[in-house]
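>>> Provided below are the primary sequence and the corresponding predicted coordinates.
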Amino acid sequence: MKSIRRKAVCTALAAIAFGISAAGSAGAQTPKRGGILEFVVPDEPPSYDGHREGTFALIHPVGPFYSLLIRINPDNPSSLTDIVCDVCVGKVPAPTDDNTTYTFKIRGDVKFHTGEKLTAQDVVATYKKIIWPPEGVRSQRRQMYSMVESVNAPDDSTVVFKLKFASNAFIPALASPFNWIYQKSVLDKDMHWYEKNINGSGPFIFKEREAGAFMRGERNPDYHHKGLPYLDGFKAIFAKKESLRVQAIRGDRAAIEFRGFPPAARDDLVKALGKEITVQESVWNCGISFVPNHKRKPFDDVRVRRALTLAVDRWGGSKYLSKIALVKTVGGITYPGHALSPTNEEMQQIAGWWPDIKKSRAEARRLLKESGADLSKEYKFLVRGVDQPYKIVATWLVDQWKQVGINFKQETHPTGPYLNILRQTKEFDVSTDASCNYVVNPLVDVTKYLSADRSSIQYGQFIDRDVDAAYDKMIRLTDVKEQRKLMLDITKLTLDTHANQFSILWWHRIVPHRSYVKGWKISPSHHMNQHLDNVWLDK
Amino acid sequence: MNTEAIAVGLPRALPGADAEAELVAARRPFFKALGKWVRDQPLGAVSGIMVIFLILVAVFAPQIAPFDPVEAHYDAMMTAPNAEYWLGTDQFGRDVLSRIIWGARTALFIGFTAAILGGTLGLVLGVASAYFSGWFDLIFQRVMDVFLAFPLIIMALVAVAVFGTGPDKVIIAIILPFVPRCARVVRAGALAIREMPYVDAARALGYGHLRIIMRHMVPNCMAVYLIMLTTFLGQAILIEAALSYLGLGVQEPTAAWGLMLQGGAEEYAESAIWIAIFPGLAITLAVFAFNLLGDALRDTLDPKLRAR
């Protein structure tokens, strides 16, 4: 465990070295109280339930209304391991009983916005909903907690997690920024209540939402972290068009967009505003991928799926797409550079990552011919209606596939309908997908690629018991070398041998913001560090 | 039946001296008549040439376009206009000129289909409404009022939201708001035609409703119909561009002017301005040409305006 932590820390340092952070100097200044932070959000939340969703469109405007049991340190969000208590007391507890028991003490001063006290019972009810959701209740990340045996509250201030086996994936999984603490009494009455309503214990209280326009929150005077938040409130302005968001910042109608802009937008803002704009950049714990629908012909044929990945020139894509989209790093299914991730040399052995694209495409054409796939047909490529990077990468992908003779017609939908197609109707041949994670934790991140009956965020509808078995074995190990070997197996099975789903490129996060926004620091995830309780305005 | 008169889109049975003059004019040799029209409507002639040019560009796009419009040249991304790429390249390195040429196909296909279908449906419904009058006319016109209450683009947006995106859905989205507009204008003219003696005569001869509407009333509304059609063409091109710009019309990588504007205007307005300028210019000129042609046709075909 120590070894993996050490390696993770090294990776974190490397990640920070990659990043250009101009926010470091902010720590030297004394924060000022007051002001309304206006920020732009590229999409609207599909629902209000954090346990159900996995999108920035929810966490940016709604995250500040909720508390978490533990969270990434808001003063050090670039770290991959610096996790601190939010509603628990003191430091994140060390495991006992052969590393299988975690006991959290809950603060006594945390209140829901309705005025009721938050207790250990609420935390337990929340995690039971996340880990073992009742039938008909969707939990986006339940597969991340396969090591959990039970969660109980022996009294109102104690929460005990009992694990089936020791796992260094547990604490990072627990620190998910989506694990908002809900009220037990509300969940007891209606498990779906939080899908359409908001009642948290976070630094801001929900005030209003104008659909299609904005969402507003006001300072919570009873917030448990005394003296915080600094802001009087925030206004999240929904603006789907990137040009609108850039112009909003340029015209000072908004101070920041937390997700990230492409390089051209950064350059325009810096050119126009000079010192009035500060740019924070970081490698991004998000990978864009595409997933074939395994239940549809001809994508039920592994040869066709392999042809799809072989057609894609990832190395060339990295060079060219990084100029116009927020993607850059070539990688597999886990965060590039992490101790458990394959090296570039190992990746180049995998179909679709071969350095010789001509050879790769020749093989793709051969496989398509051999499979007898109908190449006269135009297949349906489902695309999430968000410009960056989905629509840009999708256009590039269609061009890549065309070069081996398989034609796709793009069908773009806003986030809500898009997710509905992936989750419910499954009316697509191939779809864009993304694996956006928060605390870098490959052991948990690869759960997306488990069989459909084990992963709620795997949309290809494939069942792969080889991957499941390798994962079950890996999650029980604590030796990094052994884990790494199995991780490579899972990567090869997923991307090559069984050709289940395919990562394309990893994202590169660029956040240009008004220089008067202080306290907010970039992290490798646009989901993390969005409580806004330590953000202040230097105006 | 005077087929010559119908062929040039003139009313068959206008009363009085106007009708007489029409028939005489219609018998003139085509080129002589065309020459007179050009002299009378110089702007219309210019717009006519522009429209013909646009149609030729669309028809011969594969022969004219220097590059495949969806072929990406990644080594030449966002290249400014030069000898190889006359209008530069977009963010994927696709030739802007080739995409504009192919985009004319998309614009005209959607424009013509939507305008003809929407206008024709409006024509038939408008004439039927005037012919039957009474309760049918009353109810039908109130339904049209509901449709007319929505601005054109809003109506199209609603339709796209219901039917989805793609060229076929965009055509439906454009047809929907066109039908009531055409029906309302045509009905006004058809109300007068309904009272004409030849319609009474047709009734007296025992002709069915369909025959009277299709053979005696609809042809006499052709002048209005043609004017509406040209106006609709410009509007259809504009709506298609607007929907594509909003990401609700045709989808990438199809060459479409609105889509080109969306990709270029958003991110590269400062660094690669040509990506947005040229498709914007294409939309402007096409709409301008169709609108001018519509005006000229109206001046020519509307007897009241011609009398002035």
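That came through fine.
>>> the longest strand in chain A is where?
Secondary structure assigned by DSSP state E gives strand A:277-292 as the longest strand of chain A.
>>> any part of it near chain B?
No - using C-beta under 8 Å from any C-beta of the partner chain, strand A:277-292 stays clear of chain B, coming no nearer than 14.6 Å. Placement of C-beta: from N, CA and C, glycine included.
>>> same check, this time on stretch A:360-368
No - using C-beta under 8 Å from any C-beta, stretch A:360-368 never reaches chain B; the gap is at least 14.8 Å.
>>> can you identify the element that follows the longest helix along chain B toward the C-terminus?
Secondary structure of chain B read by DSSP state H shows that its longest helix is helix B:96-132. Note on helix B:96-132: by DSSP states H and E, the next helix or strand toward the C-terminus is helix B:134-148.
>>> pLDDT value on the spatially closest residue to residue B:121 that is not a sequence neighbour, please?
Nearest non-adjacent residue to residue B:121, counting by C-beta to C-beta, 6 or more residues apart in numbering or on different chains: residue B:179, 5.0 Å away. Note on residue B:179: pLDDT of 93.
>>> ok, now residue A:526?
For residue A:526, pLDDT reads 92.
>>> am I right that it sits in a helix?
No - the assignment for residue A:526 is coil, going by DSSP: H, G, I helix; E, B strand; the rest coil, so no helix is present there.
>>> and it, how far is that from chain B?
Distance of residue A:526 to chain B, given as C-beta to the nearest C-beta, to the nearest Å: 19 Å.
>>> quick one: contacts for that residue?
A:56, A:60, A:258-260, A:284, A:286, A:436, A:509 (C-beta atoms under 8 Å, 6 or more residues apart in numbering or on different chains).
>>> pick the one among the residues you listed closest to chain B.
Among these, residue A:260 lies closest to chain B (C-beta to the nearest C-beta), at 13.6 Å.
>>> how about the contacts made by that closest one?
For residue A:260, the contacting residues are A:284, A:326, A:388, A:507-511, A:526, by C-beta under 8 Å, 6+ apart.
>>> show me which of those is closest to residue B:151.
residue A:388 (30.7 Å; C-beta to C-beta).
>>> name the helix or strand of chain A that has the lowest mean pLDDT.
Using mean pLDDT, DSSP states H and E, helix A:2-18 stands out as the lowest-scoring helix or strand of chain A, at a mean of 43.
>>> so which bits of stretch A:81-93 are buried?
A:81-88, A:92-93 (16 or more other C-beta atoms under 10 Å in any protein chain shown).
>>> what's the burial count for residue 42?
Using chain A. 23 (other C-beta atoms under 10 Å in any protein chain shown).
>>> was after chain B, sorry
Residue B:42 has 11 neighbours, counted by other C-beta under 10 Å.
>>> which residues are in contact with it?
So residue B:42 contacts nothing (C-beta under 8 Å, 6+ apart).
>>> so which strand or helix has the residue nearest in space to the middle of chain B?
By C-alpha atoms, centre = their mean, chain B has its centre lying nearest to residue B:233, at 1.6 Å. Residue B:233 is part of helix B:222-245, with elements assigned from DSSP H and E.
>>> dump the helix or strand that that helix is followed by to PDB, keeping only the CA atoms.
Once helix B:222-245 ends, the next helix or strand along the chain (criterion: DSSP H and E) is helix B:257-267. In PDB, the C-alpha atoms belonging to helix B:257-267 read as follows (Å, rounded to 0.1, in the frame of the first residue of the first chain):
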ATOM      1  CA  TRP B 257     -23.300  26.800 -44.900                       C
ATOM      2  CA  GLY B 258     -24.900  27.200 -41.500                       C
ATOM      3  CA  LEU B 259     -22.900  24.300 -40.100                       C
ATOM      4  CA  MET B 260     -19.700  25.900 -41.500                       C
ATOM      5  CA  LEU B 261     -20.600  29.100 -39.900                       C
ATOM      6  CA  GLN B 262     -21.100  27.300 -36.600                       C
ATOM      7  CA  GLY B 263     -17.800  25.600 -36.600                       C
ATOM      8  CA  GLY B 264     -15.900  28.700 -37.700                       C
ATOM      9  CA  ALA B 265     -17.700  31.700 -36.200                       C
ATOM     10  CA  GLU B 266     -17.500  30.300 -32.700                       C
ATOM     11  CA  GLU B 267     -13.900  29.600 -32.000                       C
END
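>>> in the chain, which ranges drop under the pLDDT threshold?
By default, I'm working from chain A. A:1-28, A:80 (pLDDT under 70).
>>> switch to chain B, please.
B:1-28, B:264-266, B:302-308.
>>> which parts of it sit against chain A?
So chain B meets chain A at B:70-72, B:74, B:77, B:91-93, B:164-166, B:247, B:251-253, B:265-271 (C-beta under 8 Å from any C-beta).
>>> ok, back up a step: what residues does the following helix or strand past the longest strand of chain A touch?
Going down the chain from strand A:277-292, the next helix or strand is helix A:302-310, by DSSP H and E. Outside helix A:302-310, the residues that touch it by C-beta under 8 Å, 6+ apart are A:290, A:292, A:294, A:298-299, A:351-352, A:354, A:360-361, A:363-365, A:367-368, A:370-371, A:373, A:401, A:404, A:406, A:430, A:495-496, A:498-500, A:502.
>>> pull the contacting residues for the nearest residue in space to residue A:112 that is not next to it in sequence.
Spatial nearest neighbour of residue A:112, excluding adjacent residues (C-beta to C-beta, 6+ apart): residue A:201 at 5.0 Å. By C-beta under 8 Å, 6+ apart, residue A:201 lies in contact with A:66-67, A:87, A:110-113, A:118, A:181, A:220, A:224.
>>> separate out the buried members of these.
Among these, those classed as buried by 16+ other C-beta under 10 Å are A:66-67, A:87, A:110, A:112-113, A:118, A:181, A:220, A:224.
>>> follow-up on the earlier one: part of a strand, is the residue nearest to residue B:121?
No - according to three-state DSSP, residue B:179 belongs to no strand; its state is helix.
>>> which residues touch it?
B:118, B:121-122, B:125, B:147.
>>> cool, residue A:50 as well?
A:58-59, A:62-63, A:66, A:178-180, A:194.
>>> get me the contact residues on chain A for chain B.
Contacts of chain A with chain B, taken as C-beta under 8 Å from any C-beta, map to A:241-243, A:246, A:262, A:264-265, A:267-268, A:271, A:316, A:319-320, A:323-324, A:383, A:385, A:387, A:391-392, A:394-396, A:398-399, A:402, A:409-412.
>>> drop anything exposed from the residues you listed.
Buried subset of those (neighbour count, 16+ other C-beta under 10 Å): A:241-243, A:246, A:262, A:264-265, A:267-268, A:320, A:324, A:383, A:385, A:387, A:391-392, A:394-396, A:398-399, A:402, A:410-412.
>>> of those residues, which belong to strands?
A:383, A:410-412.
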